[in-house]
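**Q** Here's my sequence, what's the structure:
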Amino acid sequence: MASTTELRHEEEAERTETTAAEDEDTGAQVAPLVKLQEVAVSTGEENEDVILDLKAKLYRFDREGNQWKERGAGTVKLLKHKETSKVRLVMRQSKTLKICANHLVLPSISIQEHAGNAKSCVWHASDFADGELKDELFCIRFASVENCKTFKEKVEEVAQSLEKRTGESEETSSTVDLLQKLSVRENKDKKEESKEVHGEGKDEKEETKEVPAEENQSSKENPDDEKWVIV
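**A** Here you go, the predicted model:
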């Protein structure tokens, strides 16, 4: 009996080794049925510089339901355009890369701490994440107080710089308008002076024309007198 049992164990061991050998990689390569080509995907951020990049969770206030609704968890960025220097806030979901928020940072933006929570803050914006402009109330929550503070300070810094730039452009435009008005006045004054000069010239010519006429009349009278005396 013992010998029979040993034989069975040996046969099972051989079968196991054979199965393992069959499962081993033979090195054969199978060509794919369809060859896929690499396609360049545009994110729309190629002409922008990243000035802030933080992980967070975004919420949107639903006015109809009077409650906060989650928009997604992912990365929030502040992007500055290389040519126009405009700054926008963009947030995408980490898994699907779907846009949660997409709006410009304007000088009028006001960002505040949310309900005494040092890790979250709220603000109003005209958002374009859904393909059309909507007035939204956002709330963003970070993992740490430091990240929330960094986000708030950076947004305020951008808003202040834009406000300063807007003030400078308004001063420049007002200065240009003033210079244009002054140049118009100078042109009018020059035209009036030229008209006065031409008018004086005409009067002198008229006077010079009248003087010879009197001399001719006197010269005509003198010859007749002389003839009358001789006769």
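
**Q** can you give me the helices for this protein?
**A** With DSSP state H applied, the chain shows helices at 2-23, 145-230, listed in chain order.

**Q** Pick out the shakiest of those, pLDDT-wise.
**A** Sorting the helices of the chain by mean pLDDT places helix 2-23 lowest, at a mean of 61.

**Q** then stretch 73-92 to CSV, C-alphas only?
**A** Written as CSV, here are the backbone C-alpha positions of stretch 73-92 (Å, rounded to 0.1, in the frame of the first residue of the first chain):
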residue,chain,number,x,y,z
ALA,A,73,-11.6,66.8,-5.9
GLY,A,74,-8.5,67.6,-7.9
THR,A,75,-5.9,70.2,-8.6
VAL,A,76,-6.7,74.0,-8.6
LYS,A,77,-4.4,76.2,-10.7
LEU,A,78,-3.8,79.9,-11.3
LEU,A,79,-2.7,80.3,-14.9
LYS,A,80,-1.2,83.5,-16.3
HIS,A,81,-1.4,84.1,-20.1
LYS,A,82,2.0,84.8,-21.7
GLU,A,83,0.7,87.5,-24.0
THR,A,84,-2.3,89.2,-22.3
SER,A,85,-1.1,88.6,-18.7
LYS,A,86,-4.6,87.7,-17.8
VAL,A,87,-5.0,85.2,-14.9
ARG,A,88,-7.6,82.6,-14.6
LEU,A,89,-8.5,80.0,-12.1
VAL,A,90,-8.9,76.4,-13.4
MET,A,91,-9.7,73.2,-11.5
ARG,A,92,-10.0,69.7,-12.9
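
**Q** got a list of contacts for it?
**A** Residues outside stretch 73-92 that contact it (C-beta atoms under 8 Å, 6 or more residues apart in numbering): 45, 47-58, 71-72, 93-94, 97-105, 125, 140, 151, 154-155, 158, 162. Bear in mind the C-beta positions are built from the backbone N, C-alpha and C, glycine included.
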